[in-house]
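Engineer: Give me coordinates for this.
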Amino acid sequence: MTDFLGILAVGLFVALLFLNFYFRSKILKIYKVLIKNRVEFEAIHILNKTKMEAEVLPRYPKLREEIIAFCNHIRKSVLIAIILVLAIVLVGFILRSL
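Structural biologist: Residues are numbered from 1 along each chain as shown. Okay, the predicted model is just below:
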């Protein structure tokens with residue numbers, strides 16, 4: 001049981017590492033386009049769709065798809081990373097109690 005949990009913890013860590021590289025490559029491609037076109041917005045706009053649609057998207061109608069894709073990738077990566085970190089912590093607590 002301990003071996004399985006150890007392997008699971010390592011697997012989750014590797015998944016977290018892979019997630020980092022995967023989303024970083026996707027996000028950086030879009031980020032370069034946004035920087036090239038001088039698109040500016042704050043972190044609150046990434047987390048709040050209504051603020052994004054009300055304040056940022058009307059200023060940059062030509063880059064609407066890129067902005068939305070960028071925000072979606074950021075949200076997905078944060079959510080998946082939180083889930084993986086919580087799973088790693090849970091496995092760590094279980095291993096420690098054994």
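Engineer: any chance you could map the helices in the protein?
Structural biologist: Secondary structure of the chain (DSSP state H): helices located at 2-36, 43-47, 49-51, 64-97.
Engineer: Nearest to residue 58, out of those helices?
Structural biologist: helix 64-97 (9.4 Å; C-beta to C-beta). Placement of C-beta: from N, CA and C, glycine included.
Engineer: Report the buried residues of the closest one.
Structural biologist: 66-67, 69-71, 73-74, 77, 84, 87-88, 91 (16 or more other C-beta atoms under 10 Å).
Engineer: hmm, back to that, pipe the helices of the chain into JSON lines and attach mean pLDDT and distance to residue 57 per row.
Structural biologist: Output for the helices of the chain, formatted as JSON lines (pLDDT from 0 to 100; distance: least, C-beta to C-beta, whole Å):
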{"stretch": "helix 2-36", "mean pLDDT": "88", "distance to residue 57": "13"}
{"stretch": "helix 43-47", "mean pLDDT": "91", "distance to residue 57": "9"}
{"stretch": "helix 49-51", "mean pLDDT": "92", "distance to residue 57": "10"}
{"stretch": "helix 64-97", "mean pLDDT": "90", "distance to residue 57": "6"}
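Engineer: now these as a markdown table including distance to residue 58?
Structural biologist: Formatted as a markdown table, the helices of the chain follow (distance: least, C-beta to C-beta, whole Å):
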| stretch | distance to residue 58 |
| --- | --- |
| helix 2-36 | 16 |
| helix 43-47 | 12 |
| helix 49-51 | 12 |
| helix 64-97 | 9 |
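Engineer: how much space between the spatially most central residue of the chain and residue 65?
Structural biologist: Centre of the chain computed as the mean C-alpha position; nearest residue by C-alpha atoms, centre = their mean is residue 77, 1.7 Å away. Applying C-beta to C-beta, to the nearest Å, the value for residue 77 to residue 65 is 18 Å.
Engineer: Kindly report the same for residue 9.
Structural biologist: 38 Å.
Engineer: Could you tell me how many residues sit around residue 21?
Structural biologist: 9 (other C-beta atoms under 10 Å).
Engineer: quick one: it and residue 42, what's the gap?
Structural biologist: Distance from residue 21 to residue 42, by C-beta to C-beta: 26 Å.
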